[in-house]
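Novice: sequence and predicted structure, then a few things I'm wondering about:
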Amino acid sequence: MTFVWWHWLTLGLILIGAELLLPGFVLLWFGVAALTVGVILTLAPDVAVSWQLAIFAATAVLTTLLSRVWLRRFGGSGGRPSLNRPDEGLTGRVFRLERPIEHGFGELWIGDVHWRIAGPDLPAGRDIRIVSWDKTAGALTVVPVEAETPSNP
């Protein structure tokens with residue numbers, strides 16, 4: 001069986017197209033590898049099939065590994081996924097209560113997300129600071145923000 005340049009280009013486009021439908025960010029690099037082999041075959045059409053497969057495999061592995069390094073260095077989470085970590089980015093932020101905290105629990109709207117909060121009973125209008133995520137209660141733990149008093153020189 002022999003592969004010609006358009007076989008590899010077609011495979012590359014199919015893999016890149018499949019990446020749009022499937023999560024994972026891996027098929028893209030296999031598509032890039034197939035396109036690379038297709039370009040090589042347009043320049044040197046007499047490359048043996050064994051070399052074509054070796055170039056494809058090496059390019060796919062190399063581009064996948066380089067993408068992981070790049071994502072770790074420049075990606076947002078630094079290798080730690082933030083999905084299912086509600087406290088990620090909220091800890092330390094201050095918000096104003098629209099409704100009171102009663103019997104240790106209340107609710108807070110942050111953007112368009114409704115959060116359950118846990119903390120001391122507080123009236124509406126108080127400023128609160130998010131300190132952690134309580135997995136057991138399924139709520140953000142909050143504390144009141146004390147009014148800062150200016151220091152006298």
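Specialist: Cool, got the structure. Residues are numbered from 1 along each chain as shown.
Novice: for Phe25, list the residues it contacts.
Specialist: 19, 67 (C-beta atoms under 8 Å, 6 or more residues apart in numbering). Every residue, glycine included, has its C-beta placed from N, CA and C.
Novice: so is it in a helix, a strand, or just coil?
Specialist: On the three-state scheme (DSSP: H, G, I helix; E, B strand; the rest coil), Phe25 is labelled coil.
Novice: elements contacting the helix or strand hosting Trp51?
Specialist: Assigned by DSSP states H and E, Trp51 belongs to helix 49-74. Judged by 3 or more C-beta pairs under 8 Å, 6 or more residues apart in numbering; DSSP states H and E, the packing partners of helix 49-74 are helix 27-43.
Novice: in the helix it packs on, which residues are buried?
Specialist: By neighbour count on 16 or more other C-beta atoms under 10 Å, the buried set for helix 27-43 is 27-38, 40-41.
Novice: quick one, that helix and helix 49-74 angle?
Specialist: 140 degrees (axes from the mean of the first three to the mean of the last three C-alpha atoms, to 10 degrees).
Novice: what helices and strands are in contact with helix 27-43?
Specialist: helix 5-21, helix 49-74.
Novice: what's in contact with stretch 11-24?
Specialist: 25-28, 30-36, 38.
Novice: an error on my part: the question was meant for stretch 128-147.
Specialist: 85-87, 90-97, 101, 105, 108, 115-120, 122, 126-127.
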